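>>> can you look at this prediction? I've put the sequence above it.
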Amino acid sequence: MRRLGLATVLGFLLAVFGLAPSASAADADLTFATDSATTTPGGTVKLSMTLTNNKTYDILFVYQTIDPTWLTTQRPDLKYSFTDCSLTTDTGSTPCSGTGHANLGPNYGATIPPGQSRTVTLTLQVAADSGCNGNIGFYTYYYAEFSDATNISGGPVYTPETRVLCA
């Protein structure tokens, strides 16, 4: 009985901290890219997140958060913010709403048909008085609902880190 209790607690902790197995990558795929691996105080970096629908049903709803990694939060001298957001679809690019710790899901726009992707690009602005020689990184959790009444959850998914260099 004691082992069953320990296994249950361990399984719960793995699920809470996002270490449990997640939905199949065949349903949806979230990938990240940056336009630069380094920047300097006062500089900017574009962080792009692409959500691809690999399922045969439409994605109707997406909920996504973005937060700094624990190591990033341990460097109070690193100062940054998200200052701009744009959505790129097959028909072009439009401004989106919500940056930072906000729900980024609405930024992916309306329905994402099977086989299509949506890319949300956030501009990371490093403050001119930011500290140097530290990495800024983020992680995200996401949830998507499909038109066949199924859903997936993913995360944590980590973005590439940006190194803040001093000249």
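Structure received. Numbers count the residues shown, from 1 in each chain.
>>> which secondary structure element is home to the residue nearest the centre of the chain?
Nearest to the mean C-alpha position of the chain, by C-alpha atoms, centre = their mean, lies Thr140 at 3.8 Å. Per DSSP states H and E, Thr140 falls inside strand 138-146.
>>> tell me which residues are up against that strand.
Applying C-beta atoms under 8 Å, 6 or more residues apart in numbering, the contact partners of strand 138-146 are 18, 27-28, 30, 47, 49, 51, 55, 57-69, 72, 104-105, 151-159. Glycine gets a C-beta too; all of them are placed from N, C-alpha and C.
>>> now that strand: mean pLDDT?
Here strand 138-146 scores 89 as its mean pLDDT.
>>> what pairs with it, parallel or antiparallel?
strand 59-68 (antiparallel), strand 151-158 (antiparallel) (DSSP bridges).
>>> now Leu104. Nearest residue, chain neighbours left out?
Nearest residue to Leu104, sequence neighbours excluded (C-beta to C-beta, 6 or more residues apart in numbering): Gln64, at 4.2 Å.
>>> around the one you found, count how many other residues there are.
Gln64 has 24 neighbours, counted by other C-beta atoms under 10 Å.
>>> same deal with Phe138?
Using other C-beta under 10 Å, Phe138 is surrounded by 23 other residues.
>>> so where's the chain shaky on pLDDT?
Low-confidence segments of the chain, defined by pLDDT under 70, span residues 1-27, 98-103, 167.
>>> can you map out the helices along it?
Secondary structure of the chain, counting by DSSP state H: helices at 2-16, 70-73.
>>> figure out how far the strand holding Thr140 is from the centre of its chain.
Relative to its chain's centre, strand 138-146 lies at 7 Å (C-alpha atoms, centre = their mean, to the nearest Å).
>>> list the buried ones in it?
By 16 or more other C-beta atoms under 10 Å, the buried positions in strand 138-146 come out as 138-146.
>>> with stretch 115-124 instead?
117-124.
>>> export those residues to JSON lines and tack on distance to Val164?
Formatted as JSON lines, the buried residues of stretch 115-124 follow (distance: C-beta to C-beta, whole Å):
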{"residue": "Ser117", "distance to Val164": "30"}
{"residue": "Arg118", "distance to Val164": "29"}
{"residue": "Thr119", "distance to Val164": "24"}
{"residue": "Val120", "distance to Val164": "23"}
{"residue": "Thr121", "distance to Val164": "20"}
{"residue": "Leu122", "distance to Val164": "17"}
{"residue": "Thr123", "distance to Val164": "15"}
{"residue": "Leu124", "distance to Val164": "10"}
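>>> fine by me, thanks again.
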